[in-house]
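Engineer: Predicted model follows, preceded by the sequence.
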Amino acid sequence: MKTLAVISRKGGAGKTTLSINLAITAHLAGLKTMLADIDPQRSASDVLRARTGDGPVLAEINAGKLFSTQVHASNHGQDVLIIDTPAAPEADVLQAIQCADLCVLVCRPTFLDIASVVRSAEAVRRLGKKGVIVLSQAPSKRNGFEPPAVLKAAEALRFVGMPVSPIGLRARTAFQQSIAHGRSVCEWEPGSAAAEEITRLWAQVGPMLLGNEDIRAQAV
Ligand SMILES: Nc1ncnc2c1ncn2[C@@H]1O[C@H](COP(=O)(O)OP(=O)(O)OP(=O)(O)O)[C@@H](O)[C@H]1O
Ligand SMILES: [Mg+2]
């Protein structure tokens, strides 16, 4: 079993949205997937409870139960464990990083998010873990041009010393609407731009997690 932790010390960056979309995508790809919600807000749990039909197994736990949940899930044939983390406290986030084979660092294209990702990346490195940065809620291109905030963020993130996925997520209403129904964007609006972003992101992050391919550091 492989474990992916979705991290951002900034509230509202898009951790839960990404965790849900990756967990459902892994599930639909035929992997036995568990989503561990260690955030006392229980947002990921609310989303999965709104879901009808089959889907990822939900573990609604506190960070202290993460390790035993991981062992239990592995012993019971789960293929993938995705951890949706809170922004704080730090000890809970570190616990998730410690359990992870891969950390996805979620980052909006803002100065404060980038400063926060620098610290998270340091923690991931210190614990000897693999990480990848994913831009979230990026404004869309205007007249075919990338908005300056996205260009600046991509430039700044090059210096964090961790791969930046070229596949970011734009700010799109489909991400908000789909999770209200317990669905991934791929189920909610198949073929949409949002669905394409998640499909392409999983095509990169999935192999990184499952260990059969690596990602090259590149800007968005
Ligand atoms: N790509 C996106 N496009 C549009 N809205 C988004 C996107 N990602 C997240 N959101 C919205 O931003 C808000 C915060 O998202 P989310 O709950 O996923 O963040 P979070 O990092 O898990 O927050 P917290 O730190 O509180 O756990 C939600 O209202 C969500 O619907
Ligand atoms: Mg959350």
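Structural biologist: Ah, there it is. Ligands and ions are numbered 1, 2, ... in the order given.

Engineer: I'd like the distance between the one residue in the chain that gets nearest to ligand 2 and ligand 1.
Structural biologist: Using CB to the ion, the point where the chain gets nearest to ligand 2 is Thr16, with a distance of 3.3 Å. Every residue, glycine included, has its C-beta placed from N, CA and C. In this structure, Thr16 and ligand 1 are separated by 3 Å, where distance is defined by CB to the nearest ligand atom, to the nearest Å.

Engineer: just how off-centre is the helix or strand where that residue lies within its chain?
Structural biologist: Using DSSP states H and E, Thr16 sits within helix 15-28. Here helix 15-28 is found 7 Å from its chain centre; the criterion is CA atoms, centre = their mean, to the nearest Å.

Engineer: what residues does the helix or strand that that helix is followed by touch?
Structural biologist: Sequence order places strand 33-37 as the next helix or strand after helix 15-28, per DSSP H and E. Judged by CB atoms under 8 Å, 6 or more residues apart in numbering, the contacts made with strand 33-37 from elsewhere in the structure are 19-20, 23, 26-27, 43-45, 48, 56-61, 66, 69-70, 73, 78-84.

Engineer: Mind checking what helix or strand follows strand 33-37 in sequence?
Structural biologist: The element immediately downstream of strand 33-37 (helix or strand, assigned by DSSP H and E) is helix 43-49.

Engineer: and the angle for the helix holding Thr16 with strand 33-37?
Structural biologist: Here the directions of helix 15-28 and strand 33-37 differ by 160 degrees (axes from the mean of the first three to the mean of the last three CA atoms, to 10 degrees).

Engineer: Which elements pack onto helix 15-28?
Structural biologist: Packed against helix 15-28, as judged by 3 or more CB pairs under 8 Å, 6 or more residues apart in numbering; DSSP states H and E, are the following elements: strand 2-7, strand 33-37, helix 43-49, strand 80-84, strand 102-107, helix 173-180, helix 185-188, helix 193-210.

Engineer: returning to what we had before: show me which of the contacts of strand 33-37 are buried.
Structural biologist: The neighbour count (16 or more other CB atoms under 10 Å) marks 19-20, 23, 26-27, 43-45, 48, 56-60, 66, 69-70, 73, 78-84 as buried among the contacts of strand 33-37.

Engineer: What about ligand 1: which of those residues touch it?
Structural biologist: Taking CB under 6 Å from any ligand atom as the test, ligand 1 is in contact with Ser43 out of those.

Engineer: filter the buried ones among the contacts of strand 33-37 down to the ones close to ligand 2.
Structural biologist: Ser43 (CB under 5 Å from the ion).
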